[in-house]
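1. how would this look folded up:
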Amino acid sequence: MSDDRQVIEAQLGRPLRAESEVVYRCHLDRPVVVRVPPNLDDGTPFPTLYWLTCPLAITRIGRMEGAGGVKRMESKAEADEEFGQALAQAHDSYAAERESLSDPGLTGPKPTGGVGGTESGVKCLHAHYAHFRAGRENPVGELVSQWVEPLDCVVPCVVDGALNPEWVNRH
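-> Alright, predicted model coming up:
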């Protein structure tokens, strides 16, 4: 693919605030998830290590959140001990991975927390899905993937550095 940065910026509708690495792509070779450094280019701490860029996934997950998906996942984590423990492990591994990527010479604030910057529970289904799609263990992201996928676009969301009008009109 030509320029991932240009595609990601078109997907998000804004410039990136730090160099980001594509860690998961769709069947049309467009970025779905990127890894963002722990501190942005201006030094701002950024707790979300994995960021969802796919407009289709963002839309579908947004609908889930709007329908009470975060609260349902919180309830599941409270009621299902195994699920709750797996979620706690996902937060711990997320925080440890982000810490391992931190610049040891950087002074100033560093991001804290687990998935999406939270210490526990579920803050954002988008962040959990992105973590799972980046190849990490995340029980919330795994469940979300079952409801969101397949990401079955028939035309790419971005063409020539801009949102594809043919894609926009279909979703």
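
2. any idea how far the lengthiest helix in the chain is from the chain center?
-> Across the chain, the helix with the greatest residue count (assigned by DSSP state H) is helix 81-101. Average the C-alpha atoms of helix 81-101, do the same for its chain, and the two points are 15 Å apart (C-alpha atoms, centre = their mean, to the nearest Å).

3. for that helix, name the packing helices and strands.
-> The elements that helix 81-101 packs onto, with contact taken as 3 or more C-beta pairs under 8 Å, 6 or more residues apart in numbering; DSSP states H and E, are helix 69-79, helix 125-133, helix 139-148. C-beta: built from backbone N, CA, C; applies to glycine.

4. pull the residues that contact the shortest one.
-> Here helix 125-133 makes contact (C-beta atoms under 8 Å, 6 or more residues apart in numbering) with 23-24, 32-33, 48-52, 57-58, 61-62, 64-65, 69-70, 73, 90, 94, 115-116, 122, 138, 140-142, 144-145, 148.

5. any chance of the helices and strands packed on helix 81-101 in TSV, plus mean neighbour count and distance to G105?
-> As requested, those are arranged in TSV below (neighbours: other C-beta atoms under 10 Å; distance: least, C-beta to C-beta, whole Å):
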stretch	mean neighbour count	distance to G105
helix 69-79	15	37
helix 125-133	27	27
helix 139-148	20	32
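
6. and those helices: which comes nearest Q6?
-> helix 125-133 (20.2 Å; C-beta to C-beta).

7. H171: which of the helices and strands packed on helix 81-101 is closest?
-> Nearest to H171, of all the helices and strands packed on helix 81-101, is helix 139-148, at 12.8 Å by C-beta to C-beta.

8. what's the average pLDDT for that closest one?
-> Taken as a whole, helix 139-148 carries a mean pLDDT of 97.

9. just want the angle from that helix to helix 69-79.
-> For the pair helix 139-148 and helix 69-79, the angle between their directions (axes from the mean of the first three to the mean of the last three C-alpha atoms, to 10 degrees) equals 130 degrees.

10. got the angle for helix 139-148 vs helix 81-101?
-> 100 degrees.

11. sweet, I'm off.
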